[in-house]
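>>> Output the structure for:
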Amino acid sequence: MKKFLFILVLMAAAYNANAAEFLVTTGSVKLEGDIVIGDYEKFIIATKNLGPQDTIWLNSTCGSVKPGLDIAGMIRNKHWNTSVAAKDVCTSMCGFIWLAGSPRFSSPNSRIGFHGVFIKDTEQASAGGNAVLGAYLRDLGFSFDTIYYLTQAPADKMEWFNFEAAKKYDIPVVRTND
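Numbers count the residues shown, from 1 in each chain. The predicted model follows:
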């Protein structure tokens, strides 16, 4: 029995080895790493001292839909800013979290990318996941054209955000200097 429990602990540690880390400073929290199950609960703890208009810095290349949208919902409800620093990368679920910020910040050298929701094992599009993501984006006030733009890329591709696309698709963003 002890050997079995030890193996379960090792499996849990391996599963969360790439989980997001939350770096807390005065007036901000930086989310770094993969967004996995359990990260929303860690995010709640990391952000407990933030006030309105504080900033969530993002640097992540992938993530699960449920914890990602839970984090995004909290950012939206708390009226926190989101920012991707110059040369940081925010793709997949991270990009959709970035959209929850009010306002959202980006520099010309930030790398923000979007694609549709897919099933990790097969890389096939997830109809349910994309439906939930589309509803979230509509709740943020985005048009159908913008939702299509943000979710059209398949699992092995990326729709890279830029300021021209922000203007075309009516995605408000504050441009920062590098």
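>>> Give me the residues contacting stretch 160-169.
Stretch 160-169 has contacts (Cβ atoms under 8 Å, 6 or more residues apart in numbering) with 95, 106, 108, 111-114, 142-143, 145-146, 149-150, 171-173, 175. In short, each C-beta sits where N, CA and C put it, glycine included.
>>> likewise stretch 123-130?
By Cβ under 8 Å, 6+ apart, the residues outside stretch 123-130 that reach it are 65, 116-119, 151, 154-156.
>>> What's the local residue count around Ile147?
19 (other Cβ atoms under 10 Å).
>>> mind starting the numbering at 774 from now?
With the count now opening at 774, the last piece we talked about shows up as Ile920.
>>> hang on, isn't it packed against Ala908?
No. Using Cβ atoms under 8 Å, Ile920 is not in contact with Ala908; the gap is 9.4 Å.
>>> so where do the strands sit in this structure?
Assigned by DSSP state E, the strands in the chain fall at 794-798, 801-805, 828-832, 854-857, 862-864, 877-879, 884-887, 932-933, 947-948.
>>> and those strands as JSON lines, adding mean pLDDT?
JSON lines is the format used below for the strands of the chain (pLDDT from 0 to 100):
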{"stretch": "strand 794-798", "mean pLDDT": "94"}
{"stretch": "strand 801-805", "mean pLDDT": "97"}
{"stretch": "strand 828-832", "mean pLDDT": "98"}
{"stretch": "strand 854-857", "mean pLDDT": "98"}
{"stretch": "strand 862-864", "mean pLDDT": "97"}
{"stretch": "strand 877-879", "mean pLDDT": "97"}
{"stretch": "strand 884-887", "mean pLDDT": "98"}
{"stretch": "strand 932-933", "mean pLDDT": "97"}
{"stretch": "strand 947-948", "mean pLDDT": "96"}
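>>> Now those in TSV, please, with extra columns for mean neighbour count.
Below are the strands of the chain laid out as TSV (neighbours: other Cβ atoms under 10 Å):
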stretch	mean neighbour count
strand 794-798	14
strand 801-805	19
strand 828-832	23
strand 854-857	24
strand 862-864	22
strand 877-879	22
strand 884-887	22
strand 932-933	15
strand 947-948	12
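>>> Dump these into CSV; add distance to Gly846 as well.
Formatted as CSV, those follow (distance: least, Cβ to Cβ, whole Å):
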stretch, distance to Gly846
strand 794-798, 17
strand 801-805, 14
strand 828-832, 13
strand 854-857, 13
strand 862-864, 17
strand 877-879, 15
strand 884-887, 18
strand 932-933, 23
strand 947-948, 21
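>>> Tell me which of those strands lies nearest to Ile818.
Of all those, strand 794-798 sits nearest to Ile818, with 7.9 Å by Cβ to Cβ.
>>> Note down every partner strand of that closest one and its orientation.
Strand pairing for strand 794-798, using DSSP bridges, gives strand 801-805 (antiparallel).
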